[in-house]
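Q: what's the 3D shape of this:
(chains A and B)
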Number of protein chains: 2
Amino acid sequence: MHLSLQTDYGLRVLMLLASTARQMSVDEIARSYGISRNHLAKVAQRLQSSGYVETSRGRGGGLRLAFSARELNVGTIVRDLENLEAFVECMSPQRNMCPAIGVCGLQNALGLALGDFLKRLDSYTIADLVPDPAWFSQQLGANIVTPD
Amino acid sequence: MHLSLQTDYGLRVLMLLASTARQMSVDEIARSYGISRNHLAKVAQRLQSSGYVETSRGRGGGLRLAFSARELNVGTIVRDLENLEAFVECMSPQRNMCPAIGVCGLQNALGLALGDFLKRLDSYTIADLVPDPAWFSQQLGANIVTPD
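A: The predicted structure follows:
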């Protein structure tokens, strides 16, 4: 049981953008975290299509948050990026082959447990995850503009 | 984000054994759920080494619960079978490569959310997941002894 890389990287992108006033390219973000540029490019596209980030082209262009970090709720983002229907087979009617459906209490118990997991994340915004933006930005070397 | 097959199948084995008074072989359990016998054999070994089930050989032998279903706590079993240290990279000090460690609030938020997930599961026993054992057993065809 682990958070998908899409969600993990998605949250990391939003946190890094929240830590700096400037726009950052996918290359810069990938270098800051030491992660795959190709994988991050797909995550950035998803963040853009979901409306969390905006992009601009050209010199000084890149990604920036589409809202303030205080407006970006972590529970909402995780619900959006994670495929929670696949948490167990029986939560996905299209995939379910388990013959115990209807006589088993596991789906309900796991559904309530997942609800509690998400409810906790609803109490955080991206700003809460970056309590000291300047320190965060410095630690990741994001305060230094690097050529692409 | 999904429950590992080991945990999913482990809970299914315990539920099926809780629904019937007789012992069941790995082959019978695999047929009842329509799942891979080889994968289930590894799960059964893990359940035995963790002390949840006992096995006996010979005619009429097989797996049986080592405790009553009321004594088998779901939260305890999930903590035991899932590798929750791998939930995100930074929760595993051996694996962590993220440079944001120490300046990022994500690990703490996810840790609390996982705690809430497990706390909910602590309120269930295997018996709670099989509210009508006779119906469960019948639905899975486990009330009929089949030759291996």
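Q: mind listing what's buried in stretch A:12-28?
A: For stretch A:12-28, burial by neighbour count (16 or more other CB atoms under 10 Å in any protein chain shown) applies to A:12-20, A:23-26, A:28. (Glycine included, C-beta is placed from N, CA and C.)
Q: try stretch A:124-131
A: Buried residues in stretch A:124-131 (16+ other CB under 10 Å): A:124, A:125, A:126, A:127, A:128, A:129, A:130.
Q: Take the residues you listed and write them to TSV, including pLDDT and secondary structure.
A: Output for these, formatted as TSV (pLDDT from 0 to 100; DSSP: H, G, I helix; E, B strand; the rest coil):
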residue	pLDDT	secondary structure
A:124	98	coil
A:125	98	strand
A:126	98	helix
A:127	97	helix
A:128	98	helix
A:129	97	helix
A:130	96	coil
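Q: overlap between those residues and the residues near chain B?
A: A:124, A:128, A:129, A:130 (CB under 8 Å from any CB of the partner chain).
Q: related to what we said a few turns ago, what's the closest of the buried residues of stretch A:124-131 to chain B?
A: Checking these against chain B with CB to the nearest CB, the nearest one is residue A:129 at 4.2 Å.
Q: That closest one contacts residue B:105, correct?
A: Yes: applying CB atoms under 8 Å, one finds residue A:129 in contact with residue B:105, separated by 4.2 Å.
Q: So the residue of chain A most remote from its centre, which state does it fall into?
A: What lies farthest from the middle of chain A is residue A:103; by CA atoms, centre = their mean that is 35.7 Å. For residue A:103, the secondary structure call by DSSP: H, G, I helix; E, B strand; the rest coil comes out as coil.
Q: Which phi and psi values does it adopt?
A: The phi/psi pair for residue A:103 (degrees, to the nearest 10) reads phi -120, psi 10.
Q: wait, it sits on residue B:136?
A: Yes: at 4.7 Å, residue A:103 counts as touching residue B:136 under the criterion of CB under 8 Å.
Q: Name the residues contacting each of these two.
A: Jointly contacting residue A:103 and residue B:136 under the rule CB atoms under 8 Å, 6 or more residues apart in numbering or on different chains are residue B:130.
Q: how many neighbours does residue A:139 have?
A: Other residues near residue A:139 number 18, with proximity taken as other CB atoms under 10 Å in any protein chain shown.
Q: Equivalent analysis for residue A:141, please.
A: By other CB under 10 Å, the residues close to residue A:141 number 13.
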